[in-house]
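# Build me a structure from this.
(one chain, ligands or ions: 2)
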Amino acid sequence: MKEYIEYLQSVLKQNKIEFQQEEEFLQNKVNQISNEFGYDHINRYKRQMILSEIGLIGQKQIHQAKVLIVGAGGIGAPAIYYLAGAGVGTIGLVDGDSVDVSNLHRQIIHNNDRQGMNKCESAKLQIKQFNPLVNVITHNHNLSSTNAIEIFKNYDVILDATDNPATRYLINDTAIYLNKPLVSGSSVGWEGQITVYGMSGPCYRCLFPQCPKTVQNCNEAGVFGVMPGLIGLIDALQAIKIIIGQQNLSQKMILIDGLRDIYKVVKLRGQQKDCIACQKLININEYDYSTFAKTICSSSVPYRGGYKEIEWKDFLQIQRNDQVVLLDVRPSSQYNIIKLDGFINLPYSQIDLFQIEQNKDKVIYVMCRRGNNSRLACEFLKDKIHNIYNIIGGIDLYAKLYDPKMPLL
Ligand SMILES: Nc1ncnc2c1ncn2[C@@H]1O[C@H](COP(=O)(O)OP(=O)(O)OP(=O)(O)O)[C@@H](O)[C@H]1O
Ligand SMILES: [Zn+2]
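Ligands and ions are numbered 1, 2, ... in the order given. Predicted coordinates for the structure are as follows:
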């Protein structure tokens, strides 16, 4: 009997050891899994993880991905929000600009209290508030030809959410040089477009070796906040699909006309054999993007003579009487928001309606926003009217010199 009891005790002991070992093994397994991808991740992302196209593997790919967003403005702001929400593990942000109150109608990742703060820092604060699992790296300065390669090489996918041609070409050339997929969106007015460059499809230079004539930024043309919002969200969608290996907008472009509710997907022409970016013939570090963009995209109108030009300080001295006409050729939408005393409005687009007969012996002073359209207006009128002046620098320069609190439109 005693022997039997001892035997049972030894079996129990052995079982206990085995049980402990098994428990340890299981605990190790749990620890291992949670180190890689914890319950906190699963709890947060389970609604998208149960999609068959994502699952545990896809979510891990998203977690391991490093996405760089250049520009934390109208398009960048919503893109950053949703990429962080979806669990992109590392988000890099590049922007040297700071939050301005006029950004807030569309740049929803920033807020009133963060006016004046660098946009990357502001976005980082917001991300940390709603998803602490994301690692945010901030580059609080503008992208330039001397820093682009260094920054881009640490990321898997690049998003162009900027607003000017020089930066657009720089981002394109750098992404293509480093073989990184580039999600690129733009939006002006009520319109927007999105595509994916690289990935064996064409790049921006393949499509536009010369800067497209329509390139304007929203500063010049105005923007309805929802449009960059839409574009930024589709950008985020494309980036995630690239990360999980789904089909995307490479070789296709979405064109949106928000005012008329037209949504089109067009097929793009393929990569061009003579594209200097795709052929990697550009020395990015030494390429002068701002001169290139100025030369091929410049919207400033040169002075060609045939009329006179006057500076604000001299204009403010002139005698105003019924022989003097002050003409503001900005769009009526701008004139109706803010105008200078004594100026009548005739938008440059309607300059042919100017009453020549009635005014041909008067002195005409023409003003616009920055002095470009007023030059064009003077050119149009110079053969018909003898005494015509362009006011140099337009209302923006007037505000800068004499009324710094005046909102610039
Ligand atoms: N070279 C660059 N490097 C980094 N960010 C850039 C660069 N060029 C432009 N950006 C950023 O891209 C963003 C574009 O945003 P958006 O088009 O909404 O215009 P904005 O400059 O913020 O506003 P607004 O045009 O009304 O003044 C801006 O935050 C801008 O600072
Ligand atoms: Zn190309």
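# the strands in the chain, which residues?
66-70, 90-94, 135-139, 157-160, 182-188, 191-197, 252-257, 262-267, 308-310, 324-328, 344-345, 363-367, 387-391 (DSSP state E).
# Which among those strands is found nearest to ligand 2?
strand 191-197 (7.8 Å; CB to the ion). No exception for glycine: its C-beta is placed from N, CA and C like everyone else's.
# Going by neighbour count, list what's buried in that closest one.
Neighbour-count burial for strand 191-197 flags E191, G192, Q193, I194, T195, V196, Y197 (criterion: 16 or more other CB atoms under 10 Å).
# which one of the residues you listed sits closest to N359?
Closest to N359 out of the buried residues of strand 191-197 is E191 (36.7 Å), distances taken as CB to CB.
# Now for the closest one: which residues touch it?
M227, L255, I256, D257, G258, L259 (CB atoms under 8 Å, 6 or more residues apart in numbering).
# Write down the beta-bridge partners of it, one by one.
With DSSP bridges as the criterion, E191 is bridged to V188, D257.
# quick one on the thing from earlier: any chance of the contacts of E191 in JSON lines, with pLDDT and distance to I50 too?
Formatted as JSON lines, the contacts of E191 follow (pLDDT from 0 to 100; distance: CB to CB, whole Å):
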{"residue": "M227", "pLDDT": "96", "distance to I50": "32"}
{"residue": "L255", "pLDDT": "97", "distance to I50": "33"}
{"residue": "I256", "pLDDT": "97", "distance to I50": "30"}
{"residue": "D257", "pLDDT": "96", "distance to I50": "35"}
{"residue": "G258", "pLDDT": "96", "distance to I50": "32"}
{"residue": "L259", "pLDDT": "96", "distance to I50": "37"}
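# Scan these and report the most crowded one.
Neighbour tally across the contacts of E191 (other CB atoms under 10 Å): the maximum, 24 neighbours, falls on M227.
# The stretch 251-400 of the chain: helices as residue ranges?
Taking DSSP state H, counting those that start in this stretch as the test, the helices found in the stretch 251-400 of the chain are 289-297, 312-315, 332-335, 356-359, 373-381, 394-402.
# Give me the spatial nearest neighbour of the single nearest residue of the stretch 1-150 of the chain relative to ligand 2, chain neighbours excluded.
Using CB to the ion, A148 is the residue of the stretch 1-150 of the chain that sits closest to ligand 2, at 16.5 Å. What sits nearest to A148 in space, not counting adjacent residues and going by CB to CB, 6 or more residues apart in numbering, is T174, at 4.2 Å.
# The residue of the stretch 1-150 of the chain closest to ligand 2 against I282, yeah?
No. Checked against CB atoms under 8 Å, the pair A148 and I282 is beyond contact range at 11.3 Å.
# just curious, which of the contacts of E191 is nearest to ligand 1?
M227 (10.5 Å; CB to the nearest ligand atom).
# Can you tell me the number of residues neighbouring the closest residue to the closest one other than its chain neighbours?
Closest residue to M227 apart from its sequence neighbours, by CB to CB, 6+ apart: S187 at 4.5 Å. Counted with other CB under 10 Å, the neighbours of S187 add up to 27.
# same check, this time on D341
Neighbours of D341 using other CB under 10 Å come to 6.
# picking up where we left off before, can I get the strands of the chain in a markdown table including distance to ligand 1?
As requested, the strands of the chain are exported to a markdown table (distance: least, CB to the nearest ligand atom, whole Å):
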| stretch | distance to ligand 1 |
| --- | --- |
| strand 66-70 | 5 |
| strand 90-94 | 5 |
| strand 135-139 | 8 |
| strand 157-160 | 9 |
| strand 182-188 | 8 |
| strand 191-197 | 11 |
| strand 252-257 | 16 |
| strand 262-267 | 21 |
| strand 308-310 | 27 |
| strand 324-328 | 22 |
| strand 344-345 | 23 |
| strand 363-367 | 22 |
| strand 387-391 | 24 |
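# any chance of these in TSV, with distance to D113 too?
TSV is the format used below for the strands of the chain (distance: least, CB to CB, whole Å):
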stretch	distance to D113
strand 66-70	22
strand 90-94	19
strand 135-139	18
strand 157-160	26
strand 182-188	26
strand 191-197	29
strand 252-257	32
strand 262-267	36
strand 308-310	44
strand 324-328	37
strand 344-345	38
strand 363-367	37
strand 387-391	39
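# out of the contacts of E191, who's near ligand 2?
Near ligand 2, judged by CB under 5 Å from the ion, there are no entries from the contacts of E191.
# Which pair of the residues you listed spans the longest distance?
L255 and L259, at 12.9 Å, using CB to CB across the contacts of E191.
# Which residues of the stretch 201-350 of the chain lie near ligand 2?
Counting by CB under 5 Å from the ion, the stretch 201-350 of the chain sits next to ligand 2 at C203, R205, C206, C275, A277, C278.
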